[in-house]
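In: Have a look; sequence and predicted model below, questions after that.
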Amino acid sequence: MNDFLMSNILWIKALHVFFMVAWFAGIFYLPRLFVNHAETNSIEVAQHLKGMEKRLLYFITPFAVLTVLLGILLIYTYGSAWFIAAKWLHIKLSLVILLLIYHGYCFKLVNDFEQDNNTRSGKFYRVFNELPVLIQLAVIVLAYVKPF
């Protein structure tokens, strides 16, 4: 099995990156919807944004799951000795865990908006929107430069 995986490692990596890009596209856009939602005074616009937020979050969640599963498959394929030696990967995984917490928190925020319980400003969501950008930059540098 491991020989099969190793011979297909580039396919696994390509799919891992593809699903990561798809996940991040949604994670970048969702807080922009939150900004618009927090700043609107229109009931019609708020209702429309509620639907967009929920659909987007549920659309990108499988991408997050596939990104993580393919990442685990890559770790398994390379083996435990590689995993132990790859210090950069431990930092990357910590950042991925933070991103998964961020993603989970988005479910709470979507629910807050759905229930008309949002108490945060558009400015908060603008800052909130920058967190995955910084995480993505760090993850890419760690994965490609491997500074540690």
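Out: That came through fine.
In: Any regions of the chain where pLDDT drops low?
Out: Low-confidence regions of the chain, defined here as pLDDT under 70, cover residues 1.
In: show me where it has helices.
Out: If DSSP state H is used as the criterion, the helices of the chain fall at 2-7, 9-39, 43-78, 80-85, 87-114, 122-145.
In: Export these to a markdown table and append columns for mean neighbour count.
Out: No exception for glycine: its C-beta is placed from N, CA and C like everyone else's. Putting the helices of the chain into a markdown table (neighbours: other Cβ atoms under 10 Å) gives the following:
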| stretch | mean neighbour count |
| --- | --- |
| helix 2-7 | 10 |
| helix 9-39 | 17 |
| helix 43-78 | 16 |
| helix 80-85 | 11 |
| helix 87-114 | 16 |
| helix 122-145 | 15 |
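In: From Gln136, how far out is Val127?
Out: To Gln136, Val127 is 16 Å away according to Cβ to Cβ, to the nearest Å.
In: Over to Pro31?
Out: Taken as Cβ to Cβ, the spacing of Pro31 relative to Gln136 amounts to 13 Å.
In: again with Val17
Out: When Val17 is compared with Gln136 (using Cβ to Cβ), they lie 12 Å apart.
In: Then Val35?
Out: Computed with Cβ to Cβ, the distance linking Val35 and Gln136 is 19 Å.
In: now do Tyr29
Out: Between Tyr29 and Gln136 the computed distance is 13 Å (Cβ to Cβ).
In: same thing with Tyr78?
Out: Counting by Cβ to Cβ, the gap from Tyr78 to Gln136 is 22 Å.
In: mind listing what Gln109 touches?
Out: I think there's a mix-up here, since residue 109 is Leu and not Gln. Applying Cβ atoms under 8 Å, 6 or more residues apart in numbering, we find Leu109 in contact with Phe34, Asn118.
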